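Asker: Below are the sequence and a predicted model; questions follow.
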Amino acid sequence: MFSLAFLLTGFILGLALLTNGWDGNAHCSWCHYLSCVPTPLWSCTEARCATIQLGNQLNMTCTSNHKNGTYMLTNPNNTFEIQMLCSKLCK
């Protein structure tokens, strides 16, 4: 019974902190790993790119390192492919 009360109290306290805008990352250096664990397959840093697209041709510039590249897309509406190209360009 004690475990259930402890779990319920923790859940209610956590919910109250979240709804009041408490920033857990400011108090917990490892909490960002709860939403993303870096591996060789992906990075947890968000890649941002400026793009100009003409048909299937995509010109992309990474905003953090200013590298640029030109790509021919098989499907110009595939946002997943575009995000993957951006991530590779920003590495």
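Answerer: Cool, the structure landed.
Asker: Packing partners of the worst-scoring helix or strand of the chain on mean pLDDT?
Answerer: Lowest mean confidence among the helices and strands of the chain (mean pLDDT, DSSP states H and E): helix 2-19, at a mean of 83. Applying 3 or more CB pairs under 8 Å, 6 or more residues apart in numbering; DSSP states H and E, we find helix 2-19 packed against no helix or strand. C-betas here are computed from N, CA, C, even on glycine.
Asker: How about the helix or strand just after that helix, which residues are buried there?
Answerer: Once the chain leaves helix 2-19, the next helix or strand it forms, by DSSP states H and E, is strand 49-54. Neighbour-count burial for strand 49-54 flags Cys49 (criterion: 16 or more other CB atoms under 10 Å).
Asker: hmm, who's touching strand 49-54?
Answerer: 58-63, 73, 76, 82, 85-86, 89-90 (CB atoms under 8 Å, 6 or more residues apart in numbering).
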